Structures are given as structure tokens and as C-alpha cells.
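1. Got a predicted structure here, sequence first:
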Amino acid sequence: MRDKVLAVSSGGGHWVQLLRLRTAFEGFNVVYATVNPDSQLDIAGCPLYIIPDANRWTKLSLVRCMFSALWIVIRVKPRVVITTGAAPGLFVLVFGKLLGAKTLWLDSIANVEKMSMSGRLARWFSDQWLTQWNDLACPKGPEYKGAVM
């Protein structure tokens, strides 16, 4: 088995976009983390961690989300962290980077006019910092390499 990949996202469209990347994970030992326990149905046979959902308006939930993200990263010990956002993905990405993982942020396709707040913060902790809109790409990043939708 090859390197361990921790693939993480919030629910809804973030999760759908992460699932669209699954073919890129073939041959890797993939562990998923998301906010909805029902997501296990989408990834039968793969390990799944549940992380509390949070956003900038739910400060206490952000704290719970942050500690959960740290615990997941310590437990999984990923070689690579890939996320499509949002806040839960950012926390996992940050802790993954601090513990030596390669990191990739793919901002949601919903962010048409500017990078998300989590996406802007992820810039400092991402080895690959990507947007799904060519108009948002610039020489200092984020990069555009296509869209997953």
C-alpha cells in the first residue's frame, strides 16, 4: 500500500467535489473525514472520521472542530492531506502541514468571484493551492488546473 492520504471536507458540495477526486486516490491508502456520518454510504469500505462542522459564526463549534481535526491528524498520520474545504478542511490541512504532510487545498467551485475565507487562510499551509476558476488564478496563486464539476 502506498502513502496514506487524508481526504477531508465539509458536507454538501464540498463533499461531492471531494468524491469526484476519488479516481486520483486509487492505489493509495485513503482515510476520509467529513461532517456527516451518512457519508459512509458514499465510501463503503474506506475509513471515515466525523469532524464537527463549524464556520466563522459558530465560535464554540470552531474550537471543537479544531481539536477534532488535531486528533484526527495525530491518529491518521497522513503523508498527504487533500481538502475541498471549508473550516474542517482548513484545520486538518493546517495540522497536517505542521506535522509534516504534503497538503493540497482545492477551493470550492461555488467561490466564483473570490477565494473563500478558509481558502485564503489555507494559502499559507498549502503545498498546492488551487482554484476551480481560471479568472481567480494569478502568478502568486492560487493556481488553476481545472474544475472537478
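-> On my side now, so go ahead.

2. CA-only coordinates of stretch 90-100, as PDB, when you get a sec.
-> Only the C-alpha atoms of stretch 90-100 are listed here, as PDB (Å, rounded to 0.1, in the frame of the first residue of the first chain):
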ATOM      1  CA  LEU A  90      -8.700  24.100   6.800                       C
ATOM      2  CA  PHE A  91      -8.000  22.800  10.400                       C
ATOM      3  CA  VAL A  92      -6.900  19.400   9.100                       C
ATOM      4  CA  LEU A  93      -4.800  21.000   6.400                       C
ATOM      5  CA  VAL A  94      -3.000  23.200   9.000                       C
ATOM      6  CA  PHE A  95      -2.300  20.400  11.400                       C
ATOM      7  CA  GLY A  96      -1.300  18.100   8.600                       C
ATOM      8  CA  LYS A  97       1.200  20.700   7.400                       C
ATOM      9  CA  LEU A  98       2.600  21.300  10.800                       C
ATOM     10  CA  LEU A  99       3.100  17.600  11.300                       C
ATOM     11  CA  GLY A 100       5.000  17.200   8.000                       C
END
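
3. which residues of the chain score low on pLDDT?
-> Applying pLDDT under 70 to the chain flags residues 1.

4. I figured Arg79 hits Thr103, correct?
-> No - at 10.6 Å, Arg79 does not count as touching Thr103 under the criterion of C-beta atoms under 8 Å. (C-beta placed from N, C-alpha, C; glycine too.)

5. who's in contact with stretch 51-64?
-> Residues from elsewhere that reach stretch 51-64 (C-beta atoms under 8 Å, 6 or more residues apart in numbering): 8, 10-11, 33-35, 65, 68-69, 72, 86-88, 91-92, 117.

6. Give me the subset of those lying in strands.
-> Cross-referencing the contacts of stretch 51-64 against strands under DSSP state E gives 8, 33-34.
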